[in-house]
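A.B. asks: Quick check, what structure comes out for this input:
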Amino acid sequence: MTDPVPHRWLEPDESPSFSAHNLDGASPCVLLCDHASNRVPRRLAELGLPASELGRHIAWDLGAKGVALELSRLLDAPLLMSGYSRLVIDCNRPLAARGSIPETSDGTVITANQALPAEERAARAAALFHPYHDAIRALLDRRQAEARPTLLVSVHSFTDRFGGKSRPWHVGLAYHRDRQVGPALIRALRREPELCVGDNEPYAVSDDSDYSIPVHGERRGLPCTLIEMRQDLLGDEHAQHRWAQRLADALRAVLPEVLAPPARESAS
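C.D. replies: Take a look at the predicted model:
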């Protein structure tokens, strides 16, 4: 889908709606980072929020971008990342979902998102949501045409506390219809006994709350999963690179299993 109104949203000197890295990488893994940025288009005047709010998890997945970039380098894997805050429009929510353009998030009222008319919602989708997903779709189409095996992995992070409760997991795997990749990565990560690995915790994938994995992974029949890391463990570049190395090791370990063709029944 083309973007009919980008000029209304992004000035020529503003960042593009998404970024693409290493698209010709040799790895079977294709990486996504749906919440990589807390950037807000200039025309929205920071959504009426102070910088302190735009620095919180409500605006982006802290640390996820650094992990995704390093993971792309380690694996030689293609990576696509959204370029603007999920408070503008969430690139991992169906457009009809309530949280697609949130009016509140974790107790914060998003002033500029209140009672948006349909035209405004459509314009944000045209400028930011569709270009990102069109690029993912084009990449996966090309790989399919070239008969390249693909494992789709979406990289996210989560807060250590939410709703007044602490979250014990260091990392979590979220999955739905694909019951192979997530559990295989859980087994691989649990080989480090000090790691607390969530199984569909703190989040699971669903058609109502997610877009990238259901649409680009499950509907295509691709092996796929979503990885969540706890944000307080990703505080600097060194920590992000350490997590990228851990995930790269786990992904390399499970690739032969999850990309293997299904076994055929022997003739009797």
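
A.B. asks: tell me the SS of residue 43?
C.D. replies: Judged by DSSP: H, G, I helix; E, B strand; the rest coil, the three-state class of residue 43 is helix.

A.B. asks: And it, how far from residue 110?
C.D. replies: With distances taken as CB to CB, to the nearest Å, residue 43 is found 15 Å from residue 110. Heads up, the C-betas are built off the backbone N, CA and C, glycines and all.

A.B. asks: if you count what's nearby, which of these two comes out ahead?
C.D. replies: residue 110 (19 against 12; other CB atoms under 10 Å).

A.B. asks: And that one, what's its pLDDT?
C.D. replies: Residue 110 is assigned 97 on the pLDDT scale.

A.B. asks: Check residue 266 too.
C.D. replies: 51.

A.B. asks: how many neighbours does residue 16 have?
C.D. replies: The number of residues packed near residue 16 is 13, by other CB under 10 Å.

A.B. asks: Distance of it relative to residue 230?
C.D. replies: 29 Å.

A.B. asks: ditto for residue 63
C.D. replies: 9 Å.

A.B. asks: Give me the common contacts of those two.
C.D. replies: residue 157 (CB atoms under 8 Å, 6 or more residues apart in numbering).

A.B. asks: could you pull out the strands for the chain?
C.D. replies: Assigned strands in the chain, in chain order: 18-21, 29-33, 79-82, 104-105, 108-109, 151-158, 161-162, 165-166, 171-174, 197-199, 224-230 (criterion: DSSP state E).

A.B. asks: for the ones you listed, which one sits closest to residue 208?
C.D. replies: strand 171-174 (13.4 Å; CB to CB).

A.B. asks: What pairs with the closest one, parallel or antiparallel?
C.D. replies: strand 197-199 (parallel), strand 224-230 (antiparallel) (DSSP bridges).

A.B. asks: Please name whichever of those strands is nearest to residue 142.
C.D. replies: In terms of CB to CB, the element of the strands paired with strand 171-174 nearest to residue 142 is strand 224-230, at 17.4 Å.

A.B. asks: so for that closest one, what's the average pLDDT?
C.D. replies: 98.

A.B. asks: Excluding sequence neighbours, find me the nearest residue to residue 65.
C.D. replies: residue 36 (4.2 Å; CB to CB, 6 or more residues apart in numbering).

A.B. asks: and what of residue 210?
C.D. replies: Nearest to residue 210 is residue 92, by CB to CB, 6+ apart, at 5.8 Å.

A.B. asks: mind listing what the one you found touches?
C.D. replies: Residue 92 neighbours (CB under 8 Å, 6+ apart): 34, 35, 86, 154, 156, 210, 211, 212.
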